[in-house]
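[1] Got a predicted structure plus its sequence, pasted below:
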Amino acid sequence: MGLIADLLKEIPSTARYKAELEAMEKENVSLKAQIAVLRSENENLLSY
C-alpha cells in the first residue's frame, strides 16, 4: 500500500475509500510503466 493509503488508514472515516485509493494507486503504477515504455519507443523512433 502507498504512503497516502497508510496515512489514511489511521482515520476511521476514510475506511470506505480504501479500495478506491488502492485501485487508483495500482492504475498509477501501471500508467507510469506504460509511459516509460512509450518514451523508450519514442526515443527509438526518433533515432531513425
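    It's in. Numbers count the residues shown, from 1 in each chain.

[2] Torsion angles phi and psi at the residue nearest the centre of the chain?
    Closest to where the C-alpha atoms of the chain average out (Cα atoms, centre = their mean) is N28, at 1.8 Å. Backbone torsions of N28, given as degrees, to the nearest 10, read phi -60, psi -50.

[3] how near is it to E43?
    23 Å (Cβ to Cβ, to the nearest Å). In short, each C-beta sits where N, CA and C put it, glycine included.

[4] Over to G2?
    Taking Cβ to Cβ, one finds G2 at 29 Å from E43.

[5] Pick out whichever of the two has more residues nearby.
    G2 (14 against 9; other Cβ atoms under 10 Å).

[6] so the nearest residue to that one once chain neighbours are set aside is in which element?
    In space, and not counting its chain neighbours, G2 is closest to E25: 4.7 Å by Cβ to Cβ, 6 or more residues apart in numbering. Taking DSSP states H and E as the definition, one finds E25 inside helix 18-46.

[7] Where does pLDDT dip in this structure?
    1, 8, 13-15 (pLDDT under 70).

[8] repeat that for 90
    Along the chain, segments meeting pLDDT under 90 span 1-22, 48.

[9] which residues touch the helix or strand encompassing I4?
    Per DSSP H and E, I4 falls inside helix 3-8. Residues from elsewhere that reach helix 3-8 (Cβ atoms under 8 Å, 6 or more residues apart in numbering): T14, Y17, K18, L21, E22, E25.

[10] And for K18, the neighbour number?
    13.
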